[in-house]
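# missing the sequence, but the structure's below:
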Ligand code: AMP
Ligand code: ZN
């Protein structure tokens, strides 16, 4: 996906602040943070969104969640954090490459949808 912004970040063509990387995933700080800690973790393989996941991706998604747990620990998010994956237009997805937001560092209350 040559014009996909997150594919270009993974390739190093667009700068990013790397937080974590392994063979299948890349995590970096969101350019427009919505919380004191706001990290995005993406698969290195281009997948459009959660809606495009199939059985083939199960191992990768599982690994991504293990990596989220590691990152949260390293970022000191012991008191809690939120994992969000906006999927499609109604959810306000703006970048069509699967990504999980990791948000924390402040109390976000109990509401889910503003
Ligand atoms: P979403 O609206 O769920 O698709 O989230 C896309 C996220 O990507 C937003 O929170 C943006 O701030 C973030 N974003 C867009 N471009 C970049 C970039 N070059 N580096 C880091 N984060 C970005
Ligand atoms: Zn992509």
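Noted; the coordinates are in hand. None of these values were measured; they are calculated from a predicted model. Residues are numbered from 1 along each chain as shown. Ligands and ions are numbered 1, 2, ... in the order given.

# how about the helices in the protein?
Chain-ordered helices for the chain, with DSSP state H as the definition, fall at 5-11, 58-74.

# Identify all contacting residues around the last one.
Taking Cβ atoms under 8 Å, 6 or more residues apart in numbering as the criterion, the residues outside helix 58-74 that touch it are 19-20, 22, 24-25, 27, 39, 41, 43, 45, 53, 81, 83, 100, 102, 104. All C-beta spots, glycine's among them, are computed from the backbone N, C-alpha and C.

# what's the most distant pair in those residues?
45 and 104 (26.2 Å; Cβ to Cβ).

# Look at the two and report which has more neighbours.
Between residue 45 and residue 104, counted using other Cβ atoms under 10 Å, the more crowded position is residue 104 (22 against 15).

# measure the more buried one to residue 46 for me?
Distance, residue 104 to residue 46, using Cβ to Cβ, to the nearest Å: 27 Å.

# What average pLDDT does stretch 3-23 get?
Per-residue pLDDT values across stretch 3-23 average out to 98.

# before we move on, what about stretch 51-62?
For stretch 51-62, the mean confidence score works out to 98.

# Partner strands of the top strand by length along the chain, with direction?
Counting residues, the longest strand found in the chain (DSSP state E) is strand 37-43. Strand 37-43 has the following sheet partners, assigned by DSSP bridges: strand 25-29 (antiparallel), strand 100-104 (antiparallel).

# How about the residues of this protein by ligand 2?
Residues of the chain found near ligand 2, taking Cβ under 5 Å from the ion as the criterion, are 1, 4, 6, 7, 46, 97.

# Sounds good, over and out.
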